[in-house]
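**Student:** just need the structure, nothing else, for what follows:
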Amino acid sequence: MRAFRVVLIKPSHYDHDGYVIQWLRSTLPSNSLASAYGLIKQCARDRVLGPDVDVEIEACDECNTIVDVKAAARRIRAAGGGMVGLVGVQSNQYPRALDLGRQFRALGVPVIIGGFHVSGCISMLPTLPVDLQEALDLGIHLFAGEAEGRMAEVVRDVASGNAKPIYNYLSDMPEMAAAVYPILPREVVTRVAGHYSSFDAGRGCPFQCSFCTIINVQGRKSRYRTPDDVEAIVRANAARDITRFFITDDNFARNRNWEPILDRLIELREKEHFRIRLMLQVDTLCHRIPNFIEKAARAGCNAVFIGLENINPESLMGTKKRQNKIWEYREMLLAWRRHKVVTYAGYILGFPTDTPETIARDIEIIKKELPIDVLEFFYLTPLPGSEDHKKLYQRGVPMDPDMNNYDLEHACTAHPIMSKAEWMGAYDGAWSRYYTDAHVETIIRRALVSGIAPKKILDLLIIFSGAARIERVHPLQFGFFRRKVRTQRRHGMLVVNPLLFYPWRAFDILQTAARWLRLLMRYRRIMARVIADPATGTYSDEALRPSVAEGENDHFVEVFADKIPHTHGAPVRAAMAG
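**Tutor:** Here you go, the predicted structure:
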């Protein structure tokens, strides 16, 4: 028997000092890694290289695992051959992926890079960008599109030494029904806090948001897994004692199979006592779908991420986010709250009409009038693969050439009104403005009166308040106990002398730990004060009011009365006149 060893790596990216962002435990699972692992596992079962060749697999997420390039290359050589797959590579992770690929190629190991950056650039740009050409020049192979039904071909080509420079399947999207299941070994999943795994119940999106890459990489035609498939994925993971999942559909509420899928999960929970917990991504109209929120909660959903994006209709219309109706935001959020589901909302800063003053004003409006638990901020970023990026590219508008900065927490192009310094100040200030001690207390009071576990909401507030300000990373990149490997620094940057690095690192760890401890103690005191307050049980505020009384102005929407479009169900301007 011979072997062909496949090493799958989901790369991280670099921090401001050029060190890889990685943790002892990360917080978000990688569906791309799970999908690629499942596909290679299928290749192994099918013996795609012949009956006498074992396909061996190892997988790691660099956000929680230190990649030893030389050791991985030795394992591949010891097996008799193999390859490295750098999977799910987003634009901000591409420089790190290229650096890893460069090191593996120097050791003679075949390398393939796939993911949203490669697919987005090839789908939207007329010529291959410089960074992708650099990969080809190093002998790295590129994969664009989805790998279902194509992985066996790639493995055979690499094993025979006949791999193509570029595999482009963007024009041929595979069906999801009966597709190979995404799955990971338990030892990989347990490196994620809470032991969360992930899967996609569908791909593609019917909307046209100009800042989004999904529609140009996975298509605007939605494709779905069957309820049988989803149940099988959950059962296969449960057999490994994994029952917590992040369903990565860009919008699960638009999955045509949402109800039978949730019914299956409800049955697993209520009849077979599976301890399922779900994190879903949904749109701002999901509350209109009869029984959707109720069934999601019964299926184990205890948290949702909502693409709120903005509260200014003019900004939303400018990026083709027409599906967001700001006058329904409160109703939608309260619907989730009634079922004790924690709401995360994404909020984009840097729309063309934004100024530091309007951003500050809008955050104050949100704090007062929308019952959001966790608000997270992003720069409006022209991601490669989006319509925004394509238009700026075609017009020759300068954009940041460093892909490492396309992580939604850097300004990557000029703003029409704000200077870069003003934009950066507005972004940094947004975190401080939303997560004031006074508003943290309000969020905790709202959670307690709604029946949401106080410890859960406290932990989230600590992470989302502190990640950007203490660790200098977005909360979605956060983990527990930051690692910095002295020798794993960005290509071309100086590797610091050990006599300088380790004292600096020790001081860095102590200083960071002290800041986290102060934040933790402060928030715990706030929570203790709220719990001890007899008035907490009857707390109410503007954001918790279920509806506006007849004849009364809705304070939330009247600020934007002249910008609300004439669409079905929209408030009538005359009714909101002072």
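**Student:** which residue packs closest to Glu134, ignoring adjacent ones?
**Tutor:** Residue nearest to Glu134 in three dimensions, not counting chain neighbours: Leu98, with 6.6 Å by Cβ to Cβ, 6 or more residues apart in numbering. (C-beta placed from N, C-alpha, C; glycine too.)
**Student:** likewise Asp241?
**Tutor:** Arg186 (6.8 Å).
**Student:** okay, now the unreliable bits of this structure?
**Tutor:** Where the chain drops to pLDDT under 70, the residues are 314-327, 547-578.
**Student:** any buried residues in the lengthiest helix in it, and which?
**Tutor:** Scanning the chain for the helix with the most residues, using DSSP state H, yields helix 498-532. Going by neighbour count (16 or more other Cβ atoms under 10 Å), the buried part of helix 498-532 is Phe501, Arg505, Thr512, Leu519, Tyr523, Ile526, Met527, Val530.
**Student:** can you check stretch 444-453 too?
**Tutor:** For stretch 444-453, the neighbour count (16+ other Cβ under 10 Å) marks Ile444, Arg445, Arg446, Ala447, Leu448, Val449, Ser450, Ile452 as buried.
**Student:** and if you look at stretch 95-113?
**Tutor:** By 16+ other Cβ under 10 Å, the buried positions in stretch 95-113 come out as 95-105, 109-113.
**Student:** now, the most widely separated pair of those?
**Tutor:** Maximum pairwise distance among those (Cβ to Cβ): 20.5 Å, between Pro95 and Pro110.
**Student:** quick revisit: mind putting the buried residues of stretch 444-453 into TSV with secondary structure and distance to Ala152?
**Tutor:** Converted to TSV, the buried residues of stretch 444-453 look like this (DSSP: H, G, I helix; E, B strand; the rest coil; distance: Cβ to Cβ, whole Å):
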residue	secondary structure	distance to Ala152
Ile444	helix	52
Arg445	helix	56
Arg446	helix	52
Ala447	helix	49
Leu448	helix	54
Val449	helix	55
Ser450	helix	50
Ile452	coil	47
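**Student:** if we can go back for a sec, which of the buried residues of helix 498-532 sits closest to Pro371?
**Tutor:** Val530 (15.7 Å).
**Student:** OK, contacts around the residue nearest to Asp241?
**Tutor:** For Arg186, the contact set (Cβ atoms under 8 Å, 6 or more residues apart in numbering) comprises Arg240, Asp241, Ile242.
**Student:** still on that earlier bit, and of the buried residues of stretch 95-113, the nearest to Tyr37?
**Tutor:** Ile112 (14.5 Å).
**Student:** quick one: contacts for the residue lying closest to that closest one once chain neighbours are set aside?
**Tutor:** With Cβ to Cβ, 6+ apart as the criterion, Ile112 has its nearest non-adjacent residue at 4.5 Å, and that residue is His141. The contact partners of His141, taken as Cβ under 8 Å, 6+ apart, are Pro110, Val111, Ile112, Ile113, Val158, Ala163, Lys164, Pro165, Ile166, Tyr167.
**Student:** what's the answer for Ile214, then?
**Tutor:** Taking Cβ under 8 Å, 6+ apart as the test, what Ile214 contacts is Gly204, Cys205, Asp250.
**Student:** secondary structure and distance to Gly300 added to these, as TSV?
**Tutor:** What follows is those, written out as TSV (three-state DSSP; distance: Cβ to Cβ, whole Å):
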residue	secondary structure	distance to Gly300
Gly204	coil	25
Cys205	coil	24
Asp250	coil	20
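**Student:** can you give me the helices for the stretch 401-550 of the chain?
**Tutor:** Along the stretch 401-550 of the chain, the segments classed as helices by DSSP state H, counting those that start in this stretch run 420-434, 437-450, 454-466, 498-532.
**Student:** apologies, that question was intended for the stretch 201-350 of the chain.
**Tutor:** Under DSSP H, counting those that start in this stretch, the stretch 201-350 of the chain gives helices at 214-217, 227-238, 258-270, 292-298, 313-318, 329-338.
**Student:** mind exporting the first one as CSV, just the C-alpha atoms?
**Tutor:** This means helix 214-217. Provided in CSV are the C-alpha atoms of helix 214-217 (Å, rounded to 0.1, in the frame of the first residue of the first chain):
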residue,chain,number,x,y,z
ILE,A,214,-21.6,36.0,-2.2
ILE,A,215,-23.7,36.7,-5.2
ASN,A,216,-20.7,36.8,-7.6
VAL,A,217,-19.0,33.7,-6.1
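**Student:** before we move on, the earlier item: what about the contacts of His141, which are in strands?
**Tutor:** Using DSSP state E, Val111, Ile112, Ile113, Ile166, Tyr167 are the members of the contacts of His141 that sit in strands.
**Student:** the fourth one touches Leu142, doesn't it?
**Tutor:** Spelled out, that is Ile166. Yes. When contacts are counted by Cβ atoms under 8 Å, Ile166 is listed as touching Leu142 (4.8 Å).
**Student:** any common contacting residues for the two?
**Tutor:** Common neighbours of Ile166 and Leu142 (Cβ under 8 Å, 6+ apart) are Ile122, Leu136.
**Student:** neighbour-wise, which of those two wins?
**Tutor:** Leu142 (25 against 14; other Cβ atoms under 10 Å).
**Student:** just how off-centre is the helix or strand harbouring that one within its chain?
**Tutor:** Using DSSP states H and E, Leu142 sits within strand 141-144. Distance of strand 141-144 from its chain centroid, counting by Cα atoms, centre = their mean, to the nearest Å, is 22 Å.
**Student:** any idea how far Ala177 is from Ile214?
**Tutor:** 20 Å (Cβ to Cβ, to the nearest Å).
**Student:** please read the previous query as pertaining to Ala299.
**Tutor:** 24 Å.
**Student:** could you do Gly202 as well?
**Tutor:** For Gly202, the distance to Ile214 - Cβ to Cβ - is 11 Å.
**Student:** now for the helices of the stretch 401-550 of the chain, which one comes closest to Asp52?
**Tutor:** Proximity to Asp52 (Cβ to Cβ) singles out helix 498-532 among those, at 47.0 Å.
**Student:** what's that closest one packed up against?
**Tutor:** In terms of contacts (3 or more Cβ pairs under 8 Å, 6 or more residues apart in numbering; DSSP states H and E), helix 498-532 is packed against helix 437-450, helix 454-466.
**Student:** out of those helices, which is closest to Arg338?
**Tutor:** Closest among the helices and strands packed on helix 498-532, using Cβ to Cβ: helix 437-450, at 7.7 Å.
**Student:** list the residues that contact Ile276.
**Tutor:** Counted by Cβ under 8 Å, 6+ apart, Ile276 has contacts Val234, Thr243, Arg244, Phe245, Leu265, Leu268, Arg269, Ala299, Gly300.
**Student:** among these, which one lies nearest to Val7?
**Tutor:** Once Cβ to Cβ is applied, the member of the contacts of Ile276 that ends up nearest Val7 is Phe245, at 25.1 Å.
**Student:** what sits opposite that closest one in the beta ladder?
**Tutor:** Ser197, Leu278 (DSSP bridges).
**Student:** check the gap between it and Leu107 for me.
**Tutor:** From Phe245 to Leu107 the distance is 36 Å (Cβ to Cβ).
**Student:** then Val7?
**Tutor:** 12 Å.
**Student:** one more: Val69?
**Tutor:** Going from Val69 to Leu107 by Cβ to Cβ gives 7 Å.
**Student:** go on, Glu58?
**Tutor:** For Glu58, the distance to Leu107 - Cβ to Cβ - is 16 Å.
**Student:** burial of the residue lying closest to Asp541 once chain neighbours are set aside, as a residue count?
**Tutor:** The shortest distance from Asp541 to any non-neighbouring residue, by Cβ to Cβ, 6+ apart, is to Thr442 (7.0 Å). Thr442 has 18 neighbouring residues, counting by other Cβ under 10 Å.
**Student:** Thr442 contacts Lys367, doesn't it?
**Tutor:** Yes. Here Thr442 lies in contact with Lys367, judged by Cβ under 8 Å, at a distance of 7.4 Å.
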